[in-house]
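Asks: got a predicted structure here, sequence first:
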Amino acid sequence: AQLVESGGGSVQAGGSLRLSCVRQALPGSDYCMGWCREAEGTEREPVATIDRKGATSYTDSVRLVGRFTISQDIPKKTMYQQMDNLKTEDTAMYFCAAGRDFSVRPEDFAYWGQGTQVTVSS
């Protein structure tokens, strides 16, 4: 596997989770890393991205503003997403992704992890 996610699980509304993604053996370097999510029956939607310098970009969706925070530890080749004040509508499979462009759009990522499930109950 080239991107390996962890940290998903079940949590009650209002709770927090921290997702991790370890980057393994991608060809070359200088990737932007990001998170996308896919709820059952919906299309994959963007969440956030981060470049090697730490610049971040989040989806325009106001639903996520202030609740999700992307970060990284470059020596560990690990990216994180802190998710606070989780809502039932955040329930989805969360995917780690990597690409050359600084973009949150799923179509701009070239590599994908297998996903980690996040389930938020009321």
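Replies: Received, thanks.
Asks: apart from its neighbours in sequence, what residue is nearest the residue nearest the centre of the chain?
Replies: In the chain, the centroid-proximal residue (CA atoms, centre = their mean) is W35; its distance is 2.3 Å. Counting by CB to CB, 6 or more residues apart in numbering, W35 lies nearest to V47, which is 4.2 Å off, once chain neighbours are set aside. Just so you know, the C-beta spots here come from the backbone N, C-alpha and C atoms, and that holds for glycine as well.
Asks: the one you found: how many residues sit nearby?
Replies: Under the neighbour criterion other CB atoms under 10 Å, V47 is assigned a count of 25.
Asks: quick one: low-confidence parts of this structure?
Replies: Scanning the chain for pLDDT under 70 picks out 1, 62-63.
Asks: all helices of it, in order?
Replies: In the chain, no helices are defined using DSSP state H.
Asks: most remote residue from the middle of it, which is it?
Replies: Farthest-from-centroid check, the chain (CA atoms, centre = their mean): S122, 22.4 Å.
Asks: how much space between that residue and Q81?
Replies: Distance from S122 to Q81, counting by CB to CB, to the nearest Å: 22 Å.
Asks: cool, G9 as well?
Replies: When distance is defined by CB to CB, G9 is 13 Å away from Q81.
Asks: looking at these two, which one has more neighbours?
Replies: Per other CB under 10 Å, whichever of G9 and Q81 has more neighbours is Q81, with 24 against 13.
Asks: correct me, but that one touches L19?
Replies: Yes - applying CB atoms under 8 Å, one finds Q81 in contact with L19, separated by 4.4 Å.
Asks: give me the common contacts of these two.
Replies: When contacts are counted by CB atoms under 8 Å, 6 or more residues apart in numbering, Q81 and L19 have 35, 94 as shared neighbours.
Asks: so who does the residue lying closest to A25 once chain neighbours are set aside touch?
Replies: Of all residues not flanking A25 in the chain, Q2 sits nearest, at 5.8 Å (CB to CB, 6+ apart). Q2 makes contact with 23-26, 98, 111, 113 under the criterion CB under 8 Å, 6+ apart.
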